[in-house]
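Asker: With the input below, show me the fold.
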Amino acid sequence: MIHIPFVGNPNTGKTALINAIAKSDLEVGNWPGVTVEKKEAKFTYDREKIALVDLPGAYTLSPYSLEEKITRNMLAEEKFDGIIDVIDTTNLRRNLYLTLELIDMQQPMVVALNMFDDFTKRGYELDSDKFQEILGIPTIPTIASKGLGTQKLIDSAIAAVKKHTLPHIQPYQEHIEKEIAFLIHTMPKTDLPPRLFAIQLLADDPYALSLAKTLEGKKLIEKAVQARGRLEAHMKLPIKTIITRARYEVIDRLLELVLKKPILDKVLLSEKIDAVLLHKWLGIPLFFTIMMLMFKLTFDGSGSLVIWVSDFFQDYLGKYLSLGFQDTAPPWLVSLLTDGILSGVGLVLSFLPLLFLLYFFMAMLEESGYMARVSFLLDRAGRALGIKGNAFISMIIGFGCNVPAIYATRALTTKRERIITALMIPMMSCSARLPIYALFTAIFFQEHQVLVIMSLYLLGILVALLLGWISNHILSSEESKPFFLELPTYHMPNMKAVWVLMWPKLKDFIVRAGTVIVMASIILWGVIKLPAGTDPQDSYLAQTAKQITPVFKPAGFGEHWEPIAAMIPGTLAKEVVIGSLGTIYGVETKNEISKSTFKDDTITQLKALKEAFVNAFLHMFNIHMKSLNSEQQANTLQHKLKDQFASPLAAFSYLVFILLYIPCVSTMAAIKDELGTRWMLFEIALLPLVAYGMSVLVYQLGSRFF
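Answerer: Residues are numbered from 1 along each chain as shown. Okay, the predicted model is just below:
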């Protein structure tokens with residue numbers, strides 16, 4: 001098998017190129033930190049087995065960030081057959097710095113000149129033939145978003161590996177080359193690329209020094225110190241400055257030969273948009289306006305489809321599942337299938353249209369280049385909390401799912417930042433909580449659904465910021481490092497890339513509905529039915545929940561046991577709260593089976609589906625039509641919830657608790673992986689107290705003022 005890593009600066013399109021070549025669906029991100037570990041796409045091409053390795057973005061092999069350390073370590077320690085260096089052609093000068101380091105590794109190599117369409121639109125011209133001749137390796141123009149140049153790229157890479165085509169070394173100044181040659185001559189034989197190893201030893205790179213100590217003890221390090229001293233004495237500059245300047249001198253000479261710049265630099269559309277969206281005073285209000293618009297479109301466009309899916313499971317599948325088993329299966333099994341599993345899973349899956357639209361709009365914003373800018377907007381606020389703008393990247397990821405957000409904190413530069421950010425992330429409203437918000441706001445806040453949900457998101461952010469501020473004053477400080485963020489160019493989202501972003505999240509939701517929710521529904525059905533023959537009000541679940549329920553009276557929802565019981569299994573996954581409510585009320589309620597035929601019911605469902613799609617489209621434009629099923633939409637669950645919450649304020653208090661109490665077990669496991677058991681236990685102990693305190697505060701203050 002041929003192993004080829006894709007190496008390049010952040011946001012150069014490495015993952016998108018791999019997906020285009022291998023027809024894979026590795027997650028693509030428009031911000032740094034999405035790829036924080038090695039990812040592989042394996043496929044067969046022209047009877048060759050290929051493994052394309054997606055390495056985290058790096059500006060240099062003398063690392064500053066964790067992503068750069070991962071990339072450097074992988075290149076140094078693993079055996080690869082060749083390298084594909086992915087360059088953002090619109091930023092040639094900066095990208096070529098890493099290219100020179102890769103050339104110094106002396107491995108078969110190909111350069112992908114990505115984003116070549118943006119490069120030419122700006123009026124630049126590149127002499128590709130001369131560029132290729134000087135570097136001694138293929139340089140292939142590519143457009144990852146359109147899949148252009150990808151076949152030539154992989155063909156060239158395979159050919160370079162088979163022919164063992166090595167790039168031409170680009171020599172630095174004579175004095176530097178002399179000291180590099182001195183170190184290469186004196187170092188022992190090793191699998192490490194000698195030229196790059198010598199340069200990094202010369203530049204006082206900690207990783208190279210530790211390897212040198214392993215190889216020859218202090219002897220090789222002493223030689224490196226001597227060479228460094230001679231060079232610094234001759235050039236009267238620090239060694240890192242000497243090496244950096246030498247590389248940029250080579251780059252500038254190269255670009256003079258191959259690059260033709262436009263007579264006048266154009267003011268880019270991206271710069272015009274950023275003048276507004278990144279404005280000092282307008283930027284953050286515009287961000288929240290965009291988020292509100294996204295939620296409004298999500299709810300307006302999904303409401304009728306959510307109702308149809310719910311009716312389909314309860315009225316259609318439930319009916320024919322009961323009829324199909326009533327003569328062949330015992331009553332308890334029919335009840336388990338319909339009242340337990342179908343009620344729980346059906347209610348959870350009914351929110352699939354809502355999540356589809358939410359993931360679609362979030363992917364569109366990410367693909368357009370906007371979401372990468374949010375961390376820049378929030379950087380100033382983060383400084384007060386002891387974190388930098390890139391910590392907000394992890395927090396934004398948390399709005400989709402807290403688990404990858406916790407793992408994304410690996411990209412932060414200090415342990416202190418990682419701890420503070422990881423403790424804040426569980427308060428970001430993940431998409432699993434959104435169906436709970438949607439259900440309750442549809443019942444209690446029909447006229448202000450988006451506003452109420454936005455207030456929950458904002459409350460989570462504010463509580464997280466407060467926790468971050470407290471943590472910043474408790475944890476010992478570390479040396480602050482500068483925050484660099486490269487802003488990608490705005491562009492029209494590519495629908496294939498949008499789907500690649502959406503599908504894993506949708507798939508995860510569906511899989512959890514078919515596994516975690518099913519298991520939770522079966523267990524809940526069992527504890528509601530036990531002891532055998534008892535009323536659900538006297539079941540083991542009810543008895544347990546009733547012991548806890550009075551505690552929540554100050555929060556406004558301590559009168560009924562059912563909502564409290566639904567929260568307990570919610571620690572497995574937040575969607576389980578919805579499934580649990582469906583199961584609990586499904587068991588409590590006895591529905592009569594209608595006598596209509598299968599054909600009539602199927603026709604009714606198809607008509608209702610067509611109507612749901614029409615209404616979903618019209619509702620996005622605030623055009624409302626009366627539904628044929630409008631009377632059925634006020635279903636049993638809605639009636640039950642209305643009866644069990646004394647007021648909309650009590651329901652809102654319940655949502656505040658759902659927002660802030662213990663996150664799912666997967667999030668806790670991620671915190672344990674990244675921070676250790678002690679911090680996981682701290683979070684488990686802290687969050688229920690925060691959730692209870694905030695829900696009581698909201699209810700008590702609300703009761704006085706509203």
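Asker: ok, and what's touching the helix or strand hosting residue 518?
Answerer: Assessed by DSSP states H and E, residue 518 sits inside helix 516-529. Residues outside helix 516-529 that contact it (C-beta atoms under 8 Å, 6 or more residues apart in numbering): 332, 335-336, 339-341, 343-345, 348, 536, 539-542, 565, 569, 572-573, 575-576, 579-580, 582-584, 587. (C-beta placed from N, C-alpha, C; glycine too.)
Asker: Model confidence for the nearest residue to residue 190 once chain neighbours are set aside, exactly?
Answerer: Nearest non-adjacent residue to residue 190, counting by C-beta to C-beta, 6 or more residues apart in numbering: residue 215, 6.3 Å away. If you check residue 215, the pLDDT there is 76.
Asker: before we move on, what about residue 396?
Answerer: Value for residue 396, per-residue pLDDT: 83.
Asker: so how far is the helix or strand encompassing it off the chain centroid?
Answerer: Using DSSP H and E, residue 396 sits within helix 389-398. Helix 389-398 sits 9 Å away from the centroid of its parent chain (C-alpha atoms, centre = their mean, to the nearest Å).
Asker: circling back: buried sites along the helix holding residue 518?
Answerer: Across helix 516-529, burial judged by 16 or more other C-beta atoms under 10 Å covers 516-518, 520-521, 523-525, 527-529.
Asker: distance between stretch 461-478 and the chain's centre?
Answerer: 23 Å.
Asker: Quick one: classify the residue nearest to residue 190 as helix, strand or coil.
Answerer: helix (DSSP: H, G, I helix; E, B strand; the rest coil).
Asker: What distance do you get for it to residue 304?
Answerer: Residue 215 sits at a distance of 69 Å from residue 304 (criterion: C-beta to C-beta, to the nearest Å).
Asker: which one of the two has more residues nearby?
Answerer: residue 304 (25 against 16; other C-beta atoms under 10 Å).
Asker: Now for that one: which residues touch it?
Answerer: Residues near residue 304 by C-beta under 8 Å, 6+ apart: 611-613, 615-616, 619, 627.
Asker: Let's verify residue 59: helix, strand, or coil?
Answerer: coil.
Asker: Pretty sure it sits against residue 96.
Answerer: No. Using C-beta atoms under 8 Å, residue 59 is not in contact with residue 96; the gap is 11.3 Å.
Asker: rewinding a little: Serialize the buried residues of helix 516-529 to CSV and add fields for distance to residue 354 and pLDDT.
Answerer: Below are these laid out as CSV (distance: C-beta to C-beta, whole Å; pLDDT from 0 to 100):
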residue, distance to residue 354, pLDDT
516, 19, 81
517, 16, 80
518, 21, 84
520, 20, 81
521, 20, 81
523, 26, 83
524, 23, 80
525, 26, 81
527, 29, 80
528, 27, 80
529, 31, 76
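Asker: give the contact list for residue 538.
Answerer: Contacts for residue 538 (C-beta under 8 Å, 6+ apart) come out as residue 531.
Asker: actually residue 295, not the one I typed
Answerer: Taking C-beta under 8 Å, 6+ apart, we find residue 295 in contact with 358, 450, 453-454.
Asker: and residue 687, how many neighbours?
Answerer: Neighbours of residue 687 (other C-beta under 10 Å): 20.
Asker: How about the secondary structure of the nearest residue to it once chain neighbours are set aside?
Answerer: Closest residue in space to residue 687, ignoring its immediate chain neighbours: residue 662 at 5.4 Å, by C-beta to C-beta, 6+ apart. What three-state DSSP gives for residue 662 is coil.
Asker: isn't residue 662 right next to residue 685, touching?
Answerer: No. In this structure residue 662 lies outside contact range of residue 685 using C-beta under 8 Å: 9.5 Å.
Asker: out of those two, which sits in the busier spot?
Answerer: The neighbour count for residue 662 versus residue 685, taken as other C-beta under 10 Å, is higher for residue 662 (18 against 10).
Asker: got a list of what the more buried one touches?
Answerer: 571, 668, 684, 687-688.
Asker: Check what pLDDT it gets.
Answerer: What the model reports as pLDDT for residue 662 is 89.
Asker: Then residue 634?
Answerer: We have a pLDDT of 42 for residue 634.
Asker: Which residue ranges make up the domains of this structure?
Answerer: Split into domains by automatic domain parsing, the chain comes to 2-163, 174-260, 288-475+494-705.
Asker: Select from the ones you listed the stretch with the lowest mean pLDDT.
Answerer: Among those, domain 288-475+494-705 scores lowest, with a mean of 83.
Asker: end-to-end on that domain?
Answerer: Length of domain 288-475+494-705, first residue to last, C-alpha to C-alpha, to the nearest Å: 26 Å.
Asker: centre of the chain versus that domain, how much separation?
Answerer: Relative to the centre of its chain, domain 288-475+494-705 is centred 18 Å away, using C-alpha atoms, centre = their mean.
Asker: re the thing from before, any chance of a ChimeraX selection covering the buried ones in the contacts of helix 516-529?
Answerer: Selecting only the buried entries of these in ChimeraX, with 16+ other C-beta under 10 Å as the criterion:
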select :335,336,339,340,341,343,344,345,348,536,539,541,542,565,569,572,573,575,576,579,580,582,583,584,587
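Asker: Which of the contacts of helix 516-529 fall in strands?
Answerer: Per DSSP state E, strands hold no members of the contacts of helix 516-529.
Asker: From residue 195, how far out is the residue nearest the centre of the chain?
Answerer: The centroid of the chain falls nearest to residue 397 when counting by C-alpha atoms, centre = their mean (4.2 Å). As judged by C-beta to C-beta, residue 397 and residue 195 stand 38 Å apart.
Asker: With residue 204 instead?
Answerer: Between residue 204 and residue 195 the computed distance is 17 Å (C-beta to C-beta).
Asker: try residue 468
Answerer: Distance from residue 468 to residue 195, by C-beta to C-beta: 45 Å.
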